[in-house]
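K.L.:
Task: produce atomic coordinates for the following.
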Amino acid sequence: MTDPLIAPLRIVLADDHPIFRIGLRAVLERDPGLRVVAEASSPQELTRCLGETECGLLITDFMMPSREQGDGLRLIAYVRRHWPKLPVLVVTMLTNPGLLRSILNLGVAGLLGKASLVNELPTAIASLKRNKPFVAQSVKSILALPGDPHARQTTGHADLSPRELEITRLLAQGLSVNDIAAQLNRSKQTISAQKVSAMRKLGIGNDAALYIYLQAHGLK
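P.N.:
Prediction:
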């Protein structure tokens, strides 16, 4: 039984799929010590919720497509920068080791795979309440795969800066350098330089090879 003198943990949920939010809320509210106080379906709704709602935990999907903020790494970095004391638990379908490492490198409190969410969410919440970070076993397994035939490429993903990874993912979605510059409010020269730097780190020499690589390795 929850101590009535202890206030429930106030949680904000963010995911662009309403059915997933309904299911996640149902799992969380089995515990009387947890309370979902707001929900968001886009980056804009999320930042508004965080600005208006007092909460002790954000549980968010990695990708919530938006014209203004189309990259998950950029969104998480924004939240971490503006609400540095707020624990962030990221839930994702990603299986790309490089992207998973990049998420962890942003300083999130926890990382869960959607496939194992129901089984691991209570353990994750309990860990975060003790101020201990939590990484799902399913995520750890991906990061520790032995004999990975793409080990060199995976290391290359991890070596990309957050902005370089952001650029490559937007390129994989079919955006041009001009499109990306306009979307991210950066100069065309800056985007081109970040693209060239990413290609150099990945050992890729031309645009055609880059697009094939991005599609093959899940950077999309």
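
K.L.:
From now on I want contacts and neighbour counts done on CA atoms only, so please keep to that.
P.N.:
Noted.

K.L.:
Which SSE is immediately downstream of the lowest-mean-pLDDT helix or strand in the chain?
P.N.:
Lowest by mean pLDDT, DSSP states H and E among the helices and strands of the chain is helix 151-159, with a mean of 48. Remark: after helix 151-159, the chain's next helix or strand is helix 162-172, criterion DSSP states H and E.

K.L.:
middle-most residue in this protein, spatially?
P.N.:
F62 (3.3 Å; CA atoms, centre = their mean).

K.L.:
That one contacts T92, doesn't it?
P.N.:
Yes - counting by CA atoms under 8 Å, F62 touches T92, with 5.5 Å between them.

K.L.:
still on that earlier bit, which residues does the residue nearest to the centre of the chain contact?
P.N.:
Counting by CA atoms under 8 Å, 6 or more residues apart in numbering, F62 touches G72, L73, I76, V90, V91, T92.

K.L.:
State the distance from A198 to S161.
P.N.:
8 Å (CA to CA, to the nearest Å).

K.L.:
mind checking the SS state of V12?
P.N.:
strand (DSSP: H, G, I helix; E, B strand; the rest coil).

K.L.:
So among the contacts of F62, where is pLDDT lowest?
P.N.:
pLDDT across those is at its lowest for G72, which sits at 80.

K.L.:
Please say which of A198 and S161 ends up with more neighbours.
P.N.:
A198 (23 against 14; other CA atoms under 10 Å).

K.L.:
Find the helix or strand that that one is a member of.
P.N.:
Counting by DSSP H and E, A198 is part of helix 188-202.

K.L.:
buried stuff in that helix?
P.N.:
Residues I191, S192, Q194, K195, V196, A198, M199, L202 are the ones in helix 188-202 that count as buried (16 or more other CA atoms under 10 Å).

K.L.:
Using the three-state scheme, assign L111.
P.N.:
Applying three-state DSSP: L111 is strand.

K.L.:
check contacts around it.
P.N.:
L89, V90, V91, T92, L104, F134, V135, A136, V139.

K.L.:
how far away is it from T95?
P.N.:
In terms of CA to CA, L111 sits 12 Å off from T95.
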